[in-house]
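Student: Have a look; sequence and predicted model below, questions after that.
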Amino acid sequence: MNHTAWLRSRWVVVPGAIAIATLLWNAYVSTHDHGIVAGRVVDAAGRPVSGATVMLFERGFVTHQERERKISDADGAFRFTDNRSHSIQLEADAPGLGRTDRRIVRLWFAAQDVQLPQPLRFGAAK
């Protein structure tokens with residue numbers, strides 16, 4: 001009988017795989033937990049909207065409450081720092097353009113860094 005066969009048994013492999021997955025996940029979280037939420041604001045034609053007010057809503061007990069506001073730059077970009085929630089919503093407002101639809105952003109963990117894959121868009125079809 002092989003004396004190292006126990007290393008390949010499910011009693012070693014499964015807990016070992018769980019331990020490795022847990023270590024990798026914790027390493028990922030520790031390098032992606034700065035609370036950065038970034039994105040862009042564009043008009044209906046896809047052009048950047050400068051000077052739009054972007055609002056970040058953080059989940060409270062029952063509803064989302066506004067926590068912070070940022071102004072988009074010349075490229076329509078905005079960036080929030082120090083977000084500590086895992087459930088947020090974003091919305092933009094600009095004179096003459098109205099408001100964007102409120103975007104729900106669900107994160108895997110609190111303070112997860114996120115770059116929105118799609119911009120907040122004014123005049124989006126309802």
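Tutor: Received, thanks. Numbering: from 1, shown residues only.

Student: So for this protein, the centremost residue is which one?
Tutor: Val114 (3.6 Å; Cα atoms, centre = their mean).

Student: Count the residues that sit near the closest residue to Glu68 other than its chain neighbours.
Tutor: Counting by Cβ to Cβ, 6 or more residues apart in numbering, Glu68 lies nearest to Leu56, which is 4.8 Å off, once chain neighbours are set aside. Backbone N, C-alpha and C define where each C-beta goes, glycine included. By other Cβ atoms under 10 Å, 20 other residues sit near Leu56.

Student: Now do the contacts for Leu56.
Tutor: 37, 66-70, 80, 83, 88-90 (Cβ atoms under 8 Å, 6 or more residues apart in numbering).

Student: Tell me the buried residues within the residues you listed.
Tutor: The neighbour-count test (16 or more other Cβ atoms under 10 Å) marks 37, 67, 70, 80, 83, 88-90 as buried among the contacts of Leu56.

Student: nearest to Leu97, of those?
Tutor: Leu90 (15.5 Å; Cβ to Cβ).

Student: Distance-wise, check that closest one relative to Gln65.
Tutor: Distance, Leu90 to Gln65, using Cβ to Cβ, to the nearest Å: 14 Å.

Student: list residues touching both of those two?
Tutor: Phe57.

Student: Show me the domain layout of the protein.
Tutor: 1-31, 37-121 (automatic domain parsing).

Student: In a markdown table, list these along with mean pLDDT.
Tutor: Output for these, formatted as a markdown table (pLDDT from 0 to 100):
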| stretch | mean pLDDT |
| --- | --- |
| domain 1-31 | 84 |
| domain 37-121 | 94 |
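
Student: those helices in the chain, which residues are they?
Tutor: Under the criterion DSSP state H, helices of the chain are mapped to 10-31.

Student: next one: phi and psi at the nearest residue in space to His32 that is not next to it in sequence?
Tutor: For His32, ignoring the flanking residues on the chain, the nearest one in space by Cβ to Cβ, 6+ apart is Asp113 at 4.9 Å. Asp113 adopts backbone torsions of phi -70, psi 140, taken as degrees, to the nearest 10.
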